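Trainee: got a structure for you, letters missing:
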């Protein structure tokens, strides 16, 4: 670090200790970096207006400094000036359209009414008009990304339950854990032939218990583009029958969807520990909470396509697409769906599920549904 920089940082420290800005002379030759660093310190101390003054200078000195604009957006947000906060985060997105934090803040702020813009003191110049129109176009493209553009290159197939957790059990003793594992293996084999360029992974390959959190973690570690959890339904009413596909949502779409999610989530008691520590702010977690709305929306589209494929190829009642708060889906950092391939509690469907040729047909239709997603995007 050169002598001038050390002097500036020392002046910054002295200013912070006094609770006020350093003398103007000390900042005369400060760089945008120095000012941004100073603004960040002021923000941390809660000196919002002082931070705004410093960060405005930093941004004016280096208009392409996304860090300065992002800090300025945070400062305006803390000051309650949502209009200028939005404008600052837009500037960040203009410089770096992939900045997730700024998109998150834009989304969070614009959920609430933004105060009307102040009247312009003078008409915008043609250059200023073009700049604003360009910003709006960039932000519009970010907001209008369609799930239909989503490309699938890696898929994780998850066989539910396993080990000491049998899942649902049929009238004759058929266990869900064994049937779904067989379905996953068959689907993987068929999909490898239908889509050789797509990598297919299994969350479990044998009969052992796997915590719900570990299943999703596996999909995240593989950086999967689609997560599919295989299950078989059950009901106290033995006449309940058919197949359905689920995606994740905060609230269940029906009482029946809530019942299914409650059963599938029941093994969460065996999971160890917590992903969030008290008093610890996890920035990655905050970003994920923002992004998961997109994952869940695309998961809904994937569920619709899968259910359509199953309904067209299997002689089972089409129970449609539903949503609920499934723990195994909610932590996935990609679109995810959960299949309920019949009712093991229904004597007729239990007998069908016992048959290898029926399971092969079912696996063919599931793989076909995935293949269509791969070819056309989710």
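Mentor: Perfect, I can see it now. Nothing here was measured: the structure is a model prediction, and the numbers come from that model. Numbers count the residues shown, from 1 in each chain.
Trainee: quick check: buried residues in stretch 69-79?
Mentor: Judged by neighbour count (16 or more other Cβ atoms under 10 Å), stretch 69-79 contains these buried residues: 69-77. C-beta: built from backbone N, CA, C; applies to glycine.
Trainee: mind listing residues that contact stretch 242-260?
Mentor: 233, 261, 295-296, 299-300, 302-304, 306-307, 310-311, 314, 316-326, 329-330, 332, 335-343 (Cβ atoms under 8 Å, 6 or more residues apart in numbering).
Trainee: quick check: the spatially most central residue of the chain vs residue 333, distance?
Mentor: The centroid of the chain falls nearest to residue 292 when counting by Cα atoms, centre = their mean (2.4 Å). Separation of residue 292 from residue 333 (Cβ to Cβ, to the nearest Å): 8 Å.
Trainee: just to revisit the earlier point, pull out the buried residues from the contacts of stretch 242-260.
Mentor: By neighbour count, with 16+ other Cβ under 10 Å, these hold 233, 261, 295-296, 299-300, 302-304, 306-307, 310-311, 314, 316-317, 319, 321-326, 329-330, 332, 335-343 as buried.
Trainee: which secondary structure elements does the helix or strand that contains residue 231 contact?
Mentor: Using DSSP states H and E, residue 231 sits within strand 226-233. The contact analysis (3 or more Cβ pairs under 8 Å, 6 or more residues apart in numbering; DSSP states H and E) places strand 226-233 against strand 154-159, helix 176-194, helix 212-221, helix 327-330, strand 336-343, helix 356-376.
Trainee: arrange the ones you listed in a markdown table, one row each, with distance to residue 33 and mean pLDDT as further columns.
Mentor: Output for the helices and strands packed on strand 226-233, formatted as a markdown table (distance: least, Cβ to Cβ, whole Å; pLDDT from 0 to 100):
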| stretch | distance to residue 33 | mean pLDDT |
| --- | --- | --- |
| strand 154-159 | 39 | 96 |
| helix 176-194 | 51 | 97 |
| helix 212-221 | 35 | 88 |
| helix 327-330 | 40 | 85 |
| strand 336-343 | 42 | 96 |
| helix 356-376 | 46 | 94 |
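Trainee: just name the most buried of these.
Mentor: Of the helices and strands packed on strand 226-233, the one with the most neighbours on average (mean count of other Cβ atoms under 10 Å) is strand 336-343, at a mean of 27.
Trainee: contacts for the helix or strand following that one next, please.
Mentor: Once the chain leaves strand 336-343, the next helix or strand it forms, by DSSP H and E, is helix 347-354. Helix 347-354 is contacted from outside by 170-172, 174, 179, 232, 238, 241, 316, 341-344, 358-359, using Cβ under 8 Å, 6+ apart.
Trainee: can you check stretch 300-314 too?
Mentor: Outside stretch 300-314, the residues that touch it by Cβ under 8 Å, 6+ apart are 147-148, 226, 228, 243-247, 249, 316, 318, 320-321, 323, 335, 337, 339, 341, 361-362, 364-366, 368-370, 372-373, 378.
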